[in-house]
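> please find the sequence and the predicted model below.
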Amino acid sequence: MGTPSDSTMRPAGRVAVLGAGSWGSALAMQLARNATDCVLWARSREQVDAMRSSATNERFLPGIRFPSGVEFTDDLGAAVTASDQVLLAIPSDAFDALLAQIRPFLENRGLSWACKGLQPGTGRFLHQAAQDLLGESRPLAVVTGPSFAVEVARGQPTAVTVAGTDPEHVQVVAGALHGGYFRAYMSDDIVGAELGGAVKNVLAVATGISDGMGLGDNARAALVTRGMAEMMRLGRAIGAREQTLIGLAGMGDLVLTCTGDLSRNRRLGLALGKGQSVAEAVAAIGQVVEGVNTSSEVWRMACQYGIDMPISEQVHDILHSGRNPEESLRELFAREQKQETI
Ligand SMILES: NC(=O)C1=CN([C@@H]2O[C@H](COP(=O)(O)OP(=O)(O)OC[C@H]3O[C@@H](n4cnc5c(N)ncnc54)[C@H](O)[C@@H]3O)[C@@H](O)[C@H]2O)C=CC1
Ligand SMILES: O=C(CO)COP(=O)(O)O
């Protein structure tokens with residue numbers, strides 16, 4: 001695979017970013033800064049009017065101005081048909097429905113997404129969900145890796161992975177984003193890239209809980225490392241490449257969201273560790289917290305493939321079965337002693 005600066009690279013043309021929450025807005029800012037034509041679609045007319053008049057997204061990225069190249073619309077069909085590439089930036093539980101809505105307009109336009117999660121109820125990857133709907137031959141790509149939206153919006157240094165099923169398409173998507181202080185590495189391991197982005201959500205909740213309970217720095221390091229072992233074990237079972245999991249999409253995002261308080265998954269954990277309920281904590285965060293759904297789907301995959309994932313299991317039980325974090329701690333430490341393997 002070449003680099004985004006290859007002279008043979010096909011330009012992205014115009015990109016429709018679908019979803020004007022924090023990540024869609026930050027990606028639109030990066031695309032425009034990179035001289036990529038871009039239209040940002042939001043569901044609500046009021047939000048579009050507000051973004052047009054203030055040139056900011058005050059709810060999700062207050063005070064950060066969109067570069068002049070970004071257009072705004074609430075017309076989904078027009079956003080897609082006037083573009084060459086479509087980039088979805090919505091919560092994973094909205095992925096199937098939005099894809100079905102845009103399918104009539106999609107034709108042969110390039111498709112990518114920047115969501116981190118799994119299909120609710122099935123544990124399938126979003127690229128599998130897309131293939132179910134659109135067929136196996138369509139080039140697909142995911143943008144993932146350690147990237148807090150607000151830092152990207154401010155133009156702070158960031159490196160991500162763009163992984164996909166077709167090298168040329170990956171180059172187009174990565175090339176549209178890569179520039180300034182934003183590096184977009186390329187990969188053909190979409191399974192590993194999607195797995196890393198999903199599992200880190202669950203582990204960020206785990207380290208948040210530990211820190212919320214005041215368990216200390218040793219506990220956090222143990223959770224990150226043994227959590228990484230869980231990711232690697234599951235990855236091995238489903239054909240993800242280890243290189244991907246120890247790269248930006250896996251370890252990179254795990255470190256970011258297990259330690260950075262901008263992570264909503266970590267913040268959910270912090271609140272739970274201090275005794276708040278899941279519902280209270282999610283409501284207070286006010287944005288998507290993917291770990292809630294992802295924990296069910298990761299646990300489903302672990303059961304399906306018979307993989308030992310004790311930390312992910314405890315997070316699942318705390319989020320969905322009302323388990324007390326103290327009980328989880330006791331249970332994790334009561335496990336039999338074993339060789340350190342991953
Ligand atoms: N915010 C961040 O730092 C990053 C987020 N991501 C991923 O990006 C995805 C989107 O997250 P955020 O933008 O952060 O969430 P957010 O909570 O900031 O915004 C979500 C947006 O999606 C819209 N939305 C929700 N349901 C929808 C539906 N059914 N149809 C259409 N639009 C819908 C909401 O109106 C909102 O504009 C998630 O999978 C997240 O894991 C990935 C990297 C960084
Ligand atoms: O994925 C992210 C950064 O890479 C954002 O993390 P949260 O969804 O936990 O906020």
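Arrived safely. Residues are numbered from 1 along each chain as shown. Ligands and ions are numbered 1, 2, ... in the order given.
> centre of the chain to the host helix or strand of residue 265, how far?
Following DSSP states H and E, one finds residue 265 within helix 264-273. Centre-to-centre, helix 264-273 and its host chain are 17 Å apart (Cα atoms, centre = their mean, to the nearest Å).
> just stretch 200-217 next, same as before
Mean-position distance between stretch 200-217 and its chain equals 19 Å (Cα atoms, centre = their mean).
> list the buried ones in it?
Neighbour counts over stretch 200-217 (16 or more other Cβ atoms under 10 Å) mark 200-213, 215 as buried. C-beta coordinates here come from the backbone N, C-alpha and C atoms, glycine included.
> near ligand 2, which of those show up?
residue 204 (Cβ under 6 Å from any ligand atom).
> does the most centrally placed residue in the chain count as helix, strand or coil?
Nearest to the geometric centre of the chain sits residue 116, at 2.6 Å (Cα atoms, centre = their mean). Recorded secondary structure, residue 116: coil (DSSP: H, G, I helix; E, B strand; the rest coil).
> same deal with residue 316?
With three-state DSSP as the basis, the three-state label of residue 316 is helix.
> and for it, the neighbour number?
Residue 316 has 24 neighbours, counted by other Cβ atoms under 10 Å.
> excluding its backbone neighbours, what's nearest residue 341?
Distances taken as Cβ to Cβ, 6 or more residues apart in numbering place residue 229 nearest to residue 341, at 7.5 Å, with adjacent residues excluded.
> cool, and residue 194?
Among residues not flanking residue 194 along the chain, residue 125 sits closest, at 4.5 Å (Cβ to Cβ, 6+ apart).
> do residue 248 as well
residue 145 (3.7 Å).
> quick one, what contacts that neighbour?
159, 160, 161, 185, 197, 248, 249, 252, 253 (Cβ atoms under 8 Å, 6 or more residues apart in numbering).
> so which of those also contact ligand 2?
Counting by Cβ under 6 Å from any ligand atom, residue 253 from the contacts of residue 145 sit close to ligand 2.
> bridged to residue 38, which residues?
For residue 38, the beta-bridge partners are residue 15, residue 70 (DSSP bridges).
> contacts only, for it.
Counting by Cβ under 8 Å, 6+ apart, residue 38 touches 14, 15, 16, 17, 28, 31, 32, 69, 70, 71.
> got it, and residue 332?
By Cβ under 8 Å, 6+ apart, the neighbours of residue 332 are 310, 311, 314.
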